[in-house]
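A.B. asks: give me coordinates for this.
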Amino acid sequence: QVQLVESGGGLVQAGGSLKLSCISSGRTRDNYAVAWFRQAPGKERQFVAAITWADSTYYGDDSTGRFTISEDTSRNAVYLQMRGLVPEDTAVYYCAADQSGNFAAIRSVGRYAHWGQGTQVTVAS
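C.D. replies: Now for the predicted structure:
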């Protein structure tokens, strides 16, 4: 049973930074990908970033250059460092895991079978 727990969300002023954490349990040690998605009220869930077990990283258009995804395998943790936040980044941020080993659609919501409960990020103008 894969479990994902996000933390690190909160209220930040525009231009500020936040670092989100996703701690996983029950996940395989290889052939996995862990991703961050976000969902704002009234909008579809949007891909933010992903990292694979081979340390390949992927970013969405809105996060490239501002967000950095990283992993600490010793802690089963994946992090999302967010800088230069703008009000449009306000959303619930979700961590998701895929253990299929097929990362052709790594940016797709439907690719991920395991999800955390989400953490709220609010950016004030």
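
A.B. asks: name the SS class of the residue nearest the centre of the chain, please.
C.D. replies: Residue closest to the mean C-alpha point of the chain, counted by Cα atoms, centre = their mean, is W36 at 1.7 Å. Secondary structure for W36, judged by DSSP: H, G, I helix; E, B strand; the rest coil, is strand.

A.B. asks: nearest residue to it in space, please, no chain neighbours.
C.D. replies: Once flanking residues are discounted, W36 sits nearest to V48: 4.2 Å by Cβ to Cβ, 6 or more residues apart in numbering. Placement of C-beta: from N, CA and C, glycine included.

A.B. asks: and for that neighbour, the neighbour number?
C.D. replies: V48 has 25 neighbouring residues, counting by other Cβ atoms under 10 Å.

A.B. asks: just the element for it, please.
C.D. replies: Using DSSP states H and E, the element containing V48 is strand 46-52.

A.B. asks: now swap in R27 and tell me
C.D. replies: Counting by DSSP H and E, R27 is part of no helix or strand.

A.B. asks: same question, the one 3 residues further on
C.D. replies: For D30, there is no enclosing helix or strand under DSSP H and E.

A.B. asks: so what's L20 bridging to?
C.D. replies: L20 forms beta bridges with L80, as assigned by DSSP bridges.

A.B. asks: same question but for D72, I mixed them up
C.D. replies: Each beta-bridge partner of D72 is listed here, defined by DSSP bridges: A77.

A.B. asks: that one contacts V34, doesn't it?
C.D. replies: No - using Cβ atoms under 8 Å, D72 is not in contact with V34; the gap is 11.5 Å.

A.B. asks: coming back round to it: the residue nearest to the centre of the chain touches Y94, doesn't it?
C.D. replies: Yes - contact criterion Cβ under 8 Å: W36 and Y94 qualify, at 7.1 Å.

A.B. asks: in this protein, where is pLDDT below threshold?
C.D. replies: Nowhere does the chain drop to pLDDT under 70.

A.B. asks: quick check: the residue lying closest to C22 once chain neighbours are set aside vs M82, distance?
C.D. replies: Sequence neighbours aside, C95 is the residue nearest to C22 in space, at 3.4 Å (criterion: Cβ to Cβ, 6+ apart). Per Cβ to Cβ, to the nearest Å, C95 is found 14 Å from M82.
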